[in-house]
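Q: Just to be clear, the model below is a prediction. Sequence and coordinates:
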Amino acid sequence: MSNAMAKAGLALLALILLSSSTYLVSETEQVIITQFGEPRGTPVTHPGLHFKLPFIQTANVFEKRFLEWDGSPNQMPTKDKRFIWVDMYARWRITDPLKFFQRLRDERGAQSRLDDILDGETRNAVASYDLIELVRSSNRPAETIPIESEEERIVLEQIAKGRRAIAASILAAAQARTLDLGIEVLDIRLKRINYVDEVAKDVYARMIAERRRIAERFRSEGEGEAARIQGERQRDLQRIQSEAYRLAQELRGKADAEATAIYAGAYGRDPEFYAFFKSLETYERVVDGKTYFVLGTDSDLLRYLRSPK
């Protein structure tokens, strides 16, 4: 019984010794072996099973892959005294795990050190350039509403470097400062640039004024075009009306002439019948059920009523 327990204890001790003397390195990891907190040997970068002294040596694992640094937005002044919020991010990796362990110990220490380096270099770069250099990346023409007047055409200020070149200069300065830290900054990007509230109000006010000026110009052009169209419409209407009036008068004149000719022919053929016919027309126009006439018996109007023969 005691022999079996002794064998089990030895097996357990051997298992503990084996597990504490071996470590596994994956393809995305690199390891520094420390003994009582001090590095021993060269960094282990090859994947597989490796051995170390049990209990007194420790395997410190670090990433081989690209790591992310995401900065907090900071308020910074530009060269032309504009205060802006700058938000940026970067990618970095551990190139020398031994230096990394000696200088920074772990990723938390690296992130804190990168905060100081990248924020400082970004602040220096922002303070060295005008706002237009940080906003624009090239001198390509602005895609705006086409304007015919040269006085109203929007001409953007030309830049010397631009946003990408400034980010590249920040990257170069950060890489120079991280050489002795066992890390390499791979890329830096200005993620977002925002105006502070005071500057934003002025910028928005200028933008609104510019849009209103363009809108007023288009509105005045539209009103002028509407007035021109209305004038042409009135002119065409008057021309059509005058032409119609002239044609109507011509037709009326021809009709009156024909009627006069007919009346004249009728009068010349039988004057008495013509007079009788015209008298009937007169009766029809002036006499109705509500009309009263007081006439003498010798009135010409009643001549045909007195003696119809």
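A: Received it, and whenever you're ready, just let me know what you need.
Q: contacting residues for the closest residue to residue 103 other than its chain neighbours?
A: The shortest distance from residue 103 to any non-neighbouring residue, by C-beta to C-beta, 6 or more residues apart in numbering, is to residue 181 (4.9 Å). Heads up, the C-betas are built off the backbone N, CA and C, glycines and all. By C-beta atoms under 8 Å, 6 or more residues apart in numbering, the residues touching residue 181 are 99, 100, 103, 104, 110, 113.
Q: Which residues are in contact with the fourth one?
A: Right, the one you point to is residue 104. 110, 113, 181, 182, 183.
Q: ok so, going back, what remains of the contacts of residue 181 if I keep only buried residues?
A: 99, 100, 103, 104, 110, 113 (16 or more other C-beta atoms under 10 Å).
Q: now for the host helix or strand of residue 221, which elements pack on it?
A: Remark: residue 221 resides in helix 197-269, with elements defined by DSSP states H and E. For helix 197-269, the packing partners by 3 or more C-beta pairs under 8 Å, 6 or more residues apart in numbering; DSSP states H and E come out as strand 83-94, helix 271-286.
Q: quick one on the thing from earlier: TSV please, covering the contacts of residue 181 and showing secondary structure, pLDDT and distance to residue 18.
A: Formatted as TSV, those follow (DSSP: H, G, I helix; E, B strand; the rest coil; pLDDT from 0 to 100; distance: C-beta to C-beta, whole Å):
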residue	secondary structure	pLDDT	distance to residue 18
99	helix	94	32
100	helix	95	29
103	helix	93	33
104	coil	94	32
110	helix	95	33
113	helix	95	38
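Q: Redo those as a markdown table? Include distance to residue 134.
A: Compiled in a markdown table, the contacts of residue 181 are given as follows (distance: C-beta to C-beta, whole Å):
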| residue | distance to residue 134 |
| --- | --- |
| 99 | 33 |
| 100 | 32 |
| 103 | 32 |
| 104 | 30 |
| 110 | 27 |
| 113 | 25 |
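Q: picking that back up, let me have the helices and strands packed on helix 197-269 in TSV, extended by distance to residue 231, mean pLDDT and mean neighbour count.
A: Below are the helices and strands packed on helix 197-269 laid out as TSV (distance: least, C-beta to C-beta, whole Å; pLDDT from 0 to 100; neighbours: other C-beta atoms under 10 Å):
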stretch	distance to residue 231	mean pLDDT	mean neighbour count
strand 83-94	53	94	18
helix 271-286	46	71	12
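Q: Tabulate the ones you listed in a markdown table, adding columns for distance to residue 199.
A: Compiled in a markdown table, the helices and strands packed on helix 197-269 are given as follows (distance: least, C-beta to C-beta, whole Å):
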| stretch | distance to residue 199 |
| --- | --- |
| strand 83-94 | 6 |
| helix 271-286 | 89 |
